[in-house]
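Chemist: sequence and computational prediction follow.
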Protein chains: 2
Amino acid sequence: MSLEADLFDWLEENLPAGLCCEIGLGDDAAVLKPTKTPLVVTTDLLTDGVDFLIDEVDPKLVGHKALGVNLSDLAAMAAKPIAAFVSIVLPRAGTKNNSPLELAIELYRGMLPLAEKHGVTIAGGDTNTWEGDLAISITAIGEATSQGPLARSGAQIGDKLLVTGCLGGSILGRHLQVEPRVEEALLLHDQYELHAGIDISDGLTLDASRLATASGCGIVFDIDQIPISLAANQMSKTSGKSPLEHALGDGEDFELLLAVPPAEASKLLATQPIAVPISCIGEFVDNPGLWKAQSDGTYTTLNPLGFQHEANN
Amino acid sequence: MSLEADLFDWLEENLPAGLCCEIGLGDDAAVLKPTKTPLVVTTDLLTDGVDFLIDEVDPKLVGHKALGVNLSDLAAMAAKPIAAFVSIVLPRAGTKNNSPLELAIELYRGMLPLAEKHGVTIAGGDTNTWEGDLAISITAIGEATSQGPLARSGAQIGDKLLVTGCLGGSILGRHLQVEPRVEEALLLHDQYELHAGIDISDGLTLDASRLATASGCGIVFDIDQIPISLAANQMSKTSGKSPLEHALGDGEDFELLLAVPPAEASKLLATQPIAVPISCIGEFVDNPGLWKAQSDGTYTTLNPLGFQHEANN
């Protein structure tokens, strides 16, 4: 039996039947029922040595992360996830602890609870082996709600910048244990007027600058209000950076960053309608760039910190 | 500038505007207009050393192949391609001839003409670098026609097995210069009654056995009618295999294999409605498995030859 055939058998036994699928695994392509609203599609490719160290972590966490980062992108668009397509290339010799087949199964074992939690059908994929290291590419498909997708470009001057959860220090564990804010985004988009959104993958300030640029405005941060995680505090003890610096630039928080009109933001902050806290950490302004309010009322520049993808050589 | 930002700039200048997209590159996810018919989704991951040798070929061909194999899967379902999502992981040190950015651009330069030819919008993707070799994962999305998708499972006893084009020897070049039979599949599905279909990626007999198994029947081949390519004849001079063996098992032909009711097959064979020849190479029978008709009217077993994906160790 080939790895692909063995894995197919395992998947047939272990994947729940897909609600969104007319044809799932085992044909040339999957067939998804048509949707009434626009489709939202995202793809992320994760690699050993960059996004995780496969010999040092439980591969279930890697599978969880690979799906989680994609669902976080759908959450950022306030789309309801429906299906995911999973391409994996496995090291032919396996890893320290697993044969290629075992590794593939563990990756799926990590994905399945997250898929189930968010109603995602794993509707197809491709699994190969090679002489190289593990890489996983997932494409996730969601449907926009009746309010439409939440883009990066809709923030208006005067909007408040809100953030879910606490930031910084995700490398201590949260970067693998991604909790995509899918339900939170859907609830907020349904019950409040949101103008724009993004998820924090590369760092608060870097992702905030993307939101500002796409919307043609700037952001003044209220630095004291930035919610700092326990992990950021813990890292600060040995990193030589302040907890705030960790919160501003570490990235992989996978929290939502939202532009919300002021009256709506007040309502939302008073109600706190989701399980994680929502904080107001700034305001959209006319002046492009990121700014820090000083105690005397003036602004100074805040340089975006964060994970800039690899330099081009 | 980061590689991702440089590539984004290049893509913004060079990608045609997407007809199917409300939001394309540059947000957390792409937004596709809703479709009336079911969506057909496929994904394929290609890797250096397995599907191509990046130091020995023009990377444009690799980009072309990566998209082409996905479009071939959509053709097998008789779906009209609309969008593709491209994830690439690049060797950080580049290749013999290209920096990582140049390599990414050449891959896209290979994809774009094929995308344009088939009306596919490259609507999103992810580009990273790592210490490993090149891997490309593409997810292609199509829409079923009003006749619905063409599955593997619809063949009926008595149906004829038809094949487009000529088979074998694709390694001499055609495996890179994939010509996905998209228009051909749409035309045939529109004008004739087709029961089932698959594309030949892993070898005629192996893919035929998948069609037979999915449809719960067997196939008797008319071996003399199998269309053998010039490349199969050429390879046979040095390979120690007959041209027929190459046609039966080489794979990566990316031709269509179709189950067609007999009267409809006669009409189709007489009309030859597409630019490549269509041949009748067998018939679906009650008896499971693949069979070869003997001159005395009896059958002998034909073992599937082809590319079985990697052994599981």
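Modeler: Sure, I can see it.
Chemist: skip the chain neighbours and tell me the closest residue to residue A:294.
Modeler: Counting by Cβ to Cβ, 6 or more residues apart in numbering or on different chains, residue A:300 is the residue found nearest to residue A:294 once chain neighbours are left out, at 6.1 Å. Bear in mind the C-beta positions are built from the backbone N, C-alpha and C, glycine included.
Chemist: residues in a beta bridge with the one you found, which ones?
Modeler: Here residue A:300 sits in beta bridges with residue A:292, going by DSSP bridges.
Chemist: same check, this time on residue A:280
Modeler: Beta-bridge partners of residue A:280, counted by DSSP bridges, are residue A:162.
Chemist: who's in contact with it?
Modeler: Going by Cβ atoms under 8 Å, 6 or more residues apart in numbering or on different chains, residue A:280 touches A:160, A:161, A:162, A:222, A:225, A:265, A:269.
Chemist: taking these one by one, which sit in strands?
Modeler: Using DSSP state E, A:160, A:161, A:162 are the members of the contacts of residue A:280 that sit in strands.
Chemist: residues touching the last one, list them.
Modeler: Shown here is residue A:162, whose contacts under the criterion Cβ under 8 Å, 6+ apart are A:256, A:257, A:258, A:259, A:260, A:265, A:268, A:269, A:278, A:279, A:280, A:281.
Chemist: buried ones only from those, please, as a PyMOL command.
Modeler: Buried residues within the contacts of residue A:162, as defined by 16 or more other Cβ atoms under 10 Å in any protein chain shown, are selected in PyMOL through the command that follows:
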select buried, chain A and resi 256+257+258+259+260+265+268+278+279+280+281
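Chemist: would JSON lines of the contacts of residue A:162 with distance to residue B:71 be doable?
Modeler: Putting the contacts of residue A:162 into JSON lines (distance: Cβ to Cβ, whole Å) gives the following:
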{"residue": "A:256", "distance to residue B:71": "36"}
{"residue": "A:257", "distance to residue B:71": "37"}
{"residue": "A:258", "distance to residue B:71": "38"}
{"residue": "A:259", "distance to residue B:71": "38"}
{"residue": "A:260", "distance to residue B:71": "42"}
{"residue": "A:265", "distance to residue B:71": "46"}
{"residue": "A:268", "distance to residue B:71": "45"}
{"residue": "A:269", "distance to residue B:71": "49"}
{"residue": "A:278", "distance to residue B:71": "44"}
{"residue": "A:279", "distance to residue B:71": "46"}
{"residue": "A:280", "distance to residue B:71": "48"}
{"residue": "A:281", "distance to residue B:71": "45"}
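Chemist: looking at the contacts of residue A:162, which are in helices?
Modeler: A:265, A:268, A:269 (DSSP state H).
Chemist: ok, and the closest non-adjacent residue to the second one?
Modeler: Read that as residue A:268. Residue A:268's closest residue in space is residue A:192 (Cβ to Cβ, 6+ apart), at 5.3 Å.
Chemist: since we're on the one you found, how many residues are nearby?
Modeler: Counted by other Cβ atoms under 10 Å in any protein chain shown, the residues lying close to residue A:192 total 17.
Chemist: distance of it from residue A:162?
Modeler: Applying Cβ to Cβ, to the nearest Å, the value for residue A:192 to residue A:162 is 10 Å.
Chemist: element containing the residue nearest the centre of chain A?
Modeler: Of all residues in chain A, the one closest to the mean position by Cα atoms, centre = their mean is residue A:72, 2.9 Å from it. If you go by DSSP states H and E, residue A:72 is part of helix A:59-76.
Chemist: I'd like the next helix or strand past that helix.
Modeler: Sequence-wise, the next helix or strand downstream of helix A:59-76 (DSSP H and E) is strand A:79-91.
Chemist: residue contacts, whichever residue of the stretch 151-300 of chain A sits closest to chain B?
Modeler: In the stretch 151-300 of chain A, no residue comes nearer to chain B than residue A:152, which is 5.2 Å away by Cβ to the nearest Cβ. Listed by Cβ under 8 Å, 6+ apart, the contact set of residue A:152 reads A:196, A:197, A:198, A:210, A:211, A:214, A:215, B:26, B:27, B:28.
Chemist: mind redoing it with 7 Å?
Modeler: Taking Cβ atoms under 7 Å, 6 or more residues apart in numbering or on different chains as the definition of contact, the neighbours of residue A:152 are A:196, A:198, A:210, A:211, A:214, A:215, B:27.
Chemist: need the per-residue pLDDT for residue A:302.
Modeler: As predicted, residue A:302 sits at a pLDDT of 89.
Chemist: same question for residue A:309.
Modeler: 45.
Chemist: just the pLDDT at residue A:8, thanks.
Modeler: pLDDT for residue A:8: 86.
Chemist: measure it to residue A:78 for me?
Modeler: Using Cβ to Cβ, residue A:8 is found at 34 Å from residue A:78.
Chemist: partners of the helix or strand containing residue A:139, with directions?
Modeler: Using DSSP H and E, residue A:139 sits within strand A:135-144. Sheet pairing here is set by DSSP bridges, and for strand A:135-144 it gives strand A:39-47 (antiparallel), strand A:79-91 (antiparallel).
Chemist: returning to that earlier point: biggest separation within the contacts of residue A:152, which pair?
Modeler: A:215 and B:27 (11.5 Å; Cβ to Cβ).
Chemist: which of the residues in stretch A:66-84 are buried?
Modeler: The neighbour-count check on stretch A:66-84 (16+ other Cβ under 10 Å) flags A:66-84 as buried.
Chemist: stretch A:208-226 now?
Modeler: For stretch A:208-226, a neighbour-count test (16+ other Cβ under 10 Å) marks A:208-212, A:214-215, A:217-221, A:226 as buried.
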